[in-house]
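1. heads up, no residue letters with this:
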């Protein structure tokens, strides 16, 4: 489809590279150990090209993984979630639950939000 598109044909290589990266990242999130042969098939590459591509990702620090050449596998490193990210996720959940709790209390008491005093208004 991209080859026949007048506007997108110039971006063909970038599109294919980003599509491969997206597919690879999805596989990495799901699996701990990935066969290079299967990965090459999914990425529409030869096994040697796929291994070279993965090595370049590891070298450029975009991937925390090791390649087992004997077995032909990519072994993913542990992906620890940073404490900062954990705090952000917990805070989002807390804010949502607090809002839901306040709405349920208002519903039980029959209070409309327009009847509540507004902070900062006299």
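-> Received, thanks. It should be emphasised that the depicted structure is a prediction, and the values quoted were computed from it without experimental measurement.
2. check which helix or strand residue 24 maps to.
-> Assigned by DSSP states H and E, residue 24 belongs to helix 12-30.
3. elements contacting that helix?
-> Other elements packing on helix 12-30 under the criterion 3 or more C-beta pairs under 8 Å, 6 or more residues apart in numbering; DSSP states H and E are helix 36-42, helix 47-59. Every C-beta, even on glycine, is put in place using the N, C-alpha and C of the backbone.
4. got the angle for it vs helix 47-59?
-> Taking axes from the mean of the first three to the mean of the last three C-alpha atoms, to 10 degrees, helix 12-30 and helix 47-59 form an angle of 80 degrees between their directions.
5. buried stuff in the longest helix seen in the chain?
-> The residue-count maximum for a helix in the chain (DSSP state H) belongs to helix 83-109. Using 16 or more other C-beta atoms under 10 Å as the test for burial, helix 83-109 gives no buried residues.
6. need the contact list for residue 84.
-> Residues near residue 84 by C-beta atoms under 8 Å, 6 or more residues apart in numbering: none.
7. give me the distance between it and residue 59.
-> Separation of residue 84 from residue 59 (C-beta to C-beta, to the nearest Å) stands at 27 Å.
8. related to what we said a few turns ago, let me have the helices and strands packed on helix 12-30 in TSV, extended by mean pLDDT.
-> Below are the helices and strands packed on helix 12-30 laid out as TSV (pLDDT from 0 to 100):
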stretch	mean pLDDT
helix 36-42	88
helix 47-59	86
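9. of those, which is nearest residue 107?
-> helix 36-42 (49.7 Å; C-beta to C-beta).
10. what's in contact with that closest one?
-> Here helix 36-42 makes contact (C-beta under 8 Å, 6+ apart) with 23-24, 27, 46-47, 49-51, 54, 67, 72-74.
11. buried ones in that helix?
-> For helix 36-42, the buried set under the neighbour-count rule, 16+ other C-beta under 10 Å, comprises 36, 39-40.
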